[in-house]
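Undergrad: Pasting the sequence and the predicted coordinates here, then a few questions.
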Amino acid sequence: MADDALADFTWERFTHGGRSHRVLRSGEGPAVIVMAEIPGITPKVARFAREVRELGCTVVLPDLFGVAGRDPDPAAHGWTGAAVTGARALARVCVSREFTVLAAGRTSPVVTWLRALAVREHERCGGPGVGAVGMCFTGGYALAMATDERLLAPVLCQPSLPLAVTDRNRRSLDISDADLRTVQQRCEAGLTVLGLRFRGDRLAPGERFAMLREKLGEAFVGVELDDSAANPDGLMPPHSVLTEHLVDEPGQPTRKALDQVLEHIRTRLLVSG
């Protein structure tokens, strides 16, 4: 793919609690917050957002790091350009106090801003509530946002924080104990949390999904795909189910997983009664 001009999105800035980030928006209908993976809002992340938009939703993409629309594939900007793109995004998240990278059992400060964004978008777009899709670095944010009753369709795509450097981290997410208890209570009341990962993905280890099943019970629907289902042309080992490693062909396991995400959103935000 080449760089995406994102011409079908509008740009705004949202400020809350002393934090301010640009936001891309497109579409009409209930809001779905789509949070990008490292290195940012790539063309493939934007392509996924457009699929959500086609359901009849307003897609809202916080621009938290990276260069929106830039293609990280070396075919677009060479190996040096790809390395610089990734390094700049990583440097942003590693030095910012908004993001918790290593600590288990802590909700990243940026989640407060994301919750406020979801409230604003629900007021603006209407509907029964809001959806949230987190990917990789932001995967756990969709769970932490679900402390708010407006969040009806959380999706955790290969949640990768805290970094799986210890046994505790592998069985943890970047969410505080208090926030997790609130989500548990919401799950007992009917909330469903959808998660996706490849079985061999060490960044989003299987122990993490096991912990979610233990804590959330049947309210957690974990979709785990064989590594062989990943797009072999991906830039890294099987990891990004909905973007880099998607095989967008009928019958492919990753395409089925994408359709399951879209159905999760549709039934919770667009189906009345």
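TA: All right, it came through fine.

Undergrad: now the end-to-end length of stretch 198-214.
TA: Distance across stretch 198-214, first residue to last, is 19 Å (Cα to Cα, to the nearest Å).

Undergrad: Okay, now the unreliable bits of the stretch 51-200 of the chain?
TA: Applying pLDDT under 70 to the stretch 51-200 of the chain picks out residues 79, 81-98, 101-104.

Undergrad: swap the cut-off to 80 and go again
TA: 73-106 (pLDDT under 80).

Undergrad: which SS state does the closest residue to Asp167 other than its chain neighbours fall under?
TA: If the residues on either side of it in the chain are set aside, Asp167 comes closest to Glu207, at 7.8 Å by Cβ to Cβ, 6 or more residues apart in numbering. All C-beta spots, glycine's among them, are computed from the backbone N, C-alpha and C. Following DSSP: H, G, I helix; E, B strand; the rest coil, we place Glu207 in the helix state.

Undergrad: and Glu207, how many neighbours does it have?
TA: 15 (other Cβ atoms under 10 Å).

Undergrad: which residues sit in contact with it?
TA: 167, 170-171 (Cβ atoms under 8 Å, 6 or more residues apart in numbering).

Undergrad: How about Phe14?
TA: Phe14 makes contact with 20-23, 62, 113, 116-117, 120, according to Cβ under 8 Å, 6+ apart.

Undergrad: Just the pLDDT for it.
TA: Listed pLDDT for Phe14 reads 97.

Undergrad: Any idea what it is bridged to?
TA: For Phe14, the beta-bridge partners under DSSP bridges are His21.

Undergrad: What are the phi and psi values at the residue lying closest to Val59 once chain neighbours are set aside?
TA: Once flanking residues are discounted, Val59 sits nearest to Ala49: 4.3 Å by Cβ to Cβ, 6+ apart. Per-residue torsions, Ala49: phi -60, psi -40 (degrees, to the nearest 10).

Undergrad: so Ala49 sits right up against Thr58, yeah?
TA: No. Using Cβ atoms under 8 Å as the test, Ala49 is too far from Thr58 to be in contact (10.3 Å).

Undergrad: of those two, who's got more company?
TA: Ala49 (26 against 21).

Undergrad: As CSV, the contacts of Glu207 with secondary structure would be great.
TA: Shown next, in CSV, are the contacts of Glu207 (three-state DSSP):
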residue, secondary structure
Asp167, helix
Arg170, helix
Arg171, coil
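
Undergrad: Now do the contacts for Val52.
TA: Counted by Cβ under 8 Å, 6+ apart, Val52 has contacts 27, 32, 34, 59, 131, 133, 262, 265.

Undergrad: Tell me which helix or strand it sits in.
TA: helix 43-54 (DSSP states H and E).

Undergrad: can you give me how far that helix is from the chain middle?
TA: Relative to its chain's centre, helix 43-54 lies at 12 Å (Cα atoms, centre = their mean, to the nearest Å).

Undergrad: Which helix or strand contains Gly78?
TA: helix 74-95.

Undergrad: So what touches the following helix or strand past that helix?
TA: Later in the chain than helix 74-95, the nearest helix or strand by DSSP H and E is helix 110-125. Contact with helix 110-125 is made by 14, 16-17, 19, 21, 23, 28-31, 33, 35, 58, 60, 62, 64, 98-99, 129-130, 132, 141, 144-145, 147-148, 150-151, as judged by Cβ under 8 Å, 6+ apart.
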